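Student: give me the fold of what follows.
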Amino acid sequence: MVRITDIDPNGRAAKAGILSGDTLVSINGNSIADVLDYRFYLAEKTIVLSLLRGQKAFSVSIRKDTYDDIGLGFETPLMDKKQCCANRCIFCFIDQLPKGLRPSLYFKDDDARLSFLHGNYVTLTNMREADIDRIIKMRISPVNVSVHTTNPRLRCEMMKNKRAGEVLSYLTRLANAGIRICGQIVLCRGINDGEELLRSMRDLAKLHPAVSSVSIVPAGLTRYREGLYPLKPFTPAECRAVIAAVNAFGDTCERELGNRIFCCADEFYLKGELPLPEEAYYGDYEQIENGVGMLRSLMAEFGRELTFLEDYLPPKGVNGRRVSMVTGKAAAPTMRLLADTLMRKISGITVRIFEVENKFFGPEITVAGLLTGKDVADQLSGKDLGDELLFPATMLRAEGDLFLCGMTPKELSEILDVPLRPVRGDGGELLAAMLGVKCPY
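Tutor: Take a look at the predicted model:
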């Protein structure tokens, strides 16, 4: 049962007499516990809703197109509380956060519903057979799984959870039922790399085509690791060895299965001082949200949009425009390449790229999305930033109003005395921002 907290006055539910404050009990006789139940059982042309108004039970019947919404709102998007992670992973990034940040940053979710709704990765340790049954019944796909290793004993050790090994059997159940699985392996030096990584790739490849893609990502290590498991970062030579092993196995999968399946995150290439693979290597960019092919995709989009430069140019041209962009160490070389390409293509514009070191989390954290407003302020204060300072929108929380340190874009703008513009990780938007116009699409 879930309480209705909001109702669209023009929706079908309101017209059927449902009120805010009513409790939804079931749809077509199926009990409703959360958003997955609600969405699944709502997908009928005729639905009978059983409800409570106080202690009084009543029901309404609604006719609609199969996938139409009926205008009900609930207290939370999940219509339930988020499931908290029950693991104590040796590489957990949240355990490496300093005190004093926003409370929401310290919440560890491990909720399969968020995997379906928002692409979050889950470890399966919060799940039971009934949860797997529901995924199969509802055909929820893909399920994004943080695998890390297929060695049951090692998985228990890495995640500090006695169920971590046994729940690996859920992967086979999901695969046999035709549920697509996107995997993730957070690689820890000397722990689940080397032969253990090869074992994991072999085991997961056996579940193809259900296992359609697996990203290999280095563990993020901040400077706040006192008292935690003594993990060490990969050296450049070790990064190159990881890439060689993953690509060799991926080549075999490509040849025998028609799908590479396994790809390393961009960070391995950057730390290993190797060029990024060409665009064809990444296929449909299934793992781009995990940093696999993100920079190559940006470069390709930017290059394609440059061929339509006339669509982006303002009526009065860009003569004299001077713009800066802040980014982290990882993306800085790519951003400089794109800026130089634009300046060669069009005269009258100057684009400067400022690489900011992550003092807050430490030098091992090089992605732009984890830069703080304070680090940007401290390192760019007093510099000539031109007409506008661009920054990756991923530096802000989802609401777009705060950096990790709690500073607002307005506050940073005032400190640096320059207008700020957030930019999504899209080649067209980046080009438009550099030119000082709105993206035409």
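Student: CA only for contacts and neighbour counts going forward, please
Tutor: Fine.
Student: tell me the first helix or strand C-terminal of the lowest-mean-pLDDT helix or strand in the chain.
Tutor: Least confident element among the helices and strands of the chain, by mean pLDDT, DSSP states H and E: helix 112-118 (a mean of 80). Next helix or strand after helix 112-118 toward the C-terminus (DSSP states H and E): helix 129-138.
Student: and that next one, what does it pack against?
Tutor: helix 169-176 (3 or more Cα pairs under 8 Å, 6 or more residues apart in numbering; DSSP states H and E).
Student: and the helix it packs on, average pLDDT?
Tutor: Helix 169-176 shows a mean pLDDT of 98 in the predicted model.
Student: alpha carbons of that helix, as CSV, please.
Tutor: Once non-C-alpha atoms are left out, helix 169-176 reads as follows in CSV (Å, rounded to 0.1, in the frame of the first residue of the first chain):
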residue,chain,number,x,y,z
SER,A,169,24.0,-17.3,-9.0
TYR,A,170,21.4,-14.7,-9.7
LEU,A,171,23.4,-13.7,-12.8
THR,A,172,22.8,-17.1,-14.3
ARG,A,173,19.1,-17.0,-13.4
LEU,A,174,18.7,-13.6,-15.0
ALA,A,175,20.7,-14.6,-18.1
ASN,A,176,18.8,-17.8,-18.6
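Student: pairing partners for the helix or strand following it, with directions?
Tutor: Using DSSP H and E, the next helix or strand after helix 169-176 towards the C-terminus is strand 181-187. Strand 181-187 has its sheet partners listed here by DSSP bridges as strand 143-146 (parallel), strand 211-218 (parallel).
Student: who's in contact with the longest one?
Tutor: Which is strand 211-218. Strand 211-218 has contacts (Cα atoms under 8 Å, 6 or more residues apart in numbering) with 175, 180-188, 204-205, 234, 259-265, 267-268, 286-287, 290, 292.
Student: how big is the angle separating that strand from helix 169-176?
Tutor: Counting by axes from the mean of the first three to the mean of the last three Cα atoms, to 10 degrees, strand 211-218 lies at 140 degrees to helix 169-176.
Student: in strand 211-218, what's buried?
Tutor: The neighbour-count check on strand 211-218 (16 or more other Cα atoms under 10 Å) flags 211-218 as buried.
Student: give me the residues contacting the helix or strand just after it.
Tutor: Once strand 211-218 ends, the next helix or strand along the chain (criterion: DSSP H and E) is helix 236-257. Residues outside helix 236-257 that contact it (Cα under 8 Å, 6+ apart) are 193-194, 198, 201, 205, 208, 259-264, 268-269, 271-274.
Student: change it to 10 Å
Tutor: For helix 236-257, contacts defined as Cα atoms under 10 Å, 6 or more residues apart in numbering pick out 187, 189, 193-195, 197-198, 201-202, 205, 208-209, 215-216, 218, 233-235, 258-265, 267-274.
Student: strand partners (parallel or antiparallel) of the helix or strand following that helix?
Tutor: Going down the chain from helix 236-257, the next helix or strand is strand 262-264, by DSSP H and E. Applying DSSP bridges, strand 262-264 is found paired with strand 211-218 (parallel).
Student: between the strand it pairs with and helix 236-257, how big is the angle?
Tutor: Put simply, strand 211-218 runs at 170 degrees to helix 236-257, going by the same axes, to 10 degrees.
Student: just how off-centre is strand 211-218 within its chain?
Tutor: Relative to its chain's centre, strand 211-218 lies at 13 Å (Cα atoms, centre = their mean, to the nearest Å).
Student: before we move on, what about stretch 303-310?
Tutor: 28 Å.
Student: so which of the strands paired with strand 181-187 comes closest to G428?
Tutor: For G428, the closest of the strands paired with strand 181-187 is strand 211-218, at 25.8 Å, according to Cα to Cα.
Student: hang on, the earlier thing: and the strands paired with strand 181-187 as CSV, adding mean pLDDT and distance to E278?
Tutor: Shown next, in CSV, are the strands paired with strand 181-187 (pLDDT from 0 to 100; distance: least, Cα to Cα, whole Å):
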stretch, mean pLDDT, distance to E278
strand 143-146, 96, 25
strand 211-218, 97, 17
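Student: possible to save these as JSON lines with distance to Y170?
Tutor: Formatted as JSON lines, the strands paired with strand 181-187 follow (distance: least, Cα to Cα, whole Å):
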{"stretch": "strand 143-146", "distance to Y170": "10"}
{"stretch": "strand 211-218", "distance to Y170": "12"}
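Student: looking at those, which is closest to L371?
Tutor: Among these, the nearest to L371 by Cα to Cα is strand 211-218 (18.1 Å).
Student: from D266, how far out is the residue nearest in space to the middle of the chain?
Tutor: By Cα atoms, centre = their mean, the chain has its centre lying nearest to E289, at 4.5 Å. Distance from E289 to D266, counting by Cα to Cα, to the nearest Å: 11 Å.
Student: quick one on the thing from earlier: which of the buried residues of strand 211-218 sits closest to S297?
Tutor: S215 (15.8 Å).
Student: find the residue closest to that closest one in space, skipping its chain neighbours.
Tutor: Q184 (4.9 Å; Cα to Cα, 6 or more residues apart in numbering).
Student: for that neighbour, give the beta-bridge partners.
Tutor: Beta-bridge partners, per DSSP bridges, of Q184: S146, S215.
Student: tell me the contacts of it?
Tutor: 121-123, 144-149, 213-217, 262-263, 287, 290.
Student: residues in contact with stretch 185-193?
Tutor: By Cα under 10 Å, 6+ apart, stretch 185-193 touches 90-92, 145-151, 154-155, 157-158, 194, 196-201, 214-220, 231-235, 238-239, 242, 245, 262, 264.
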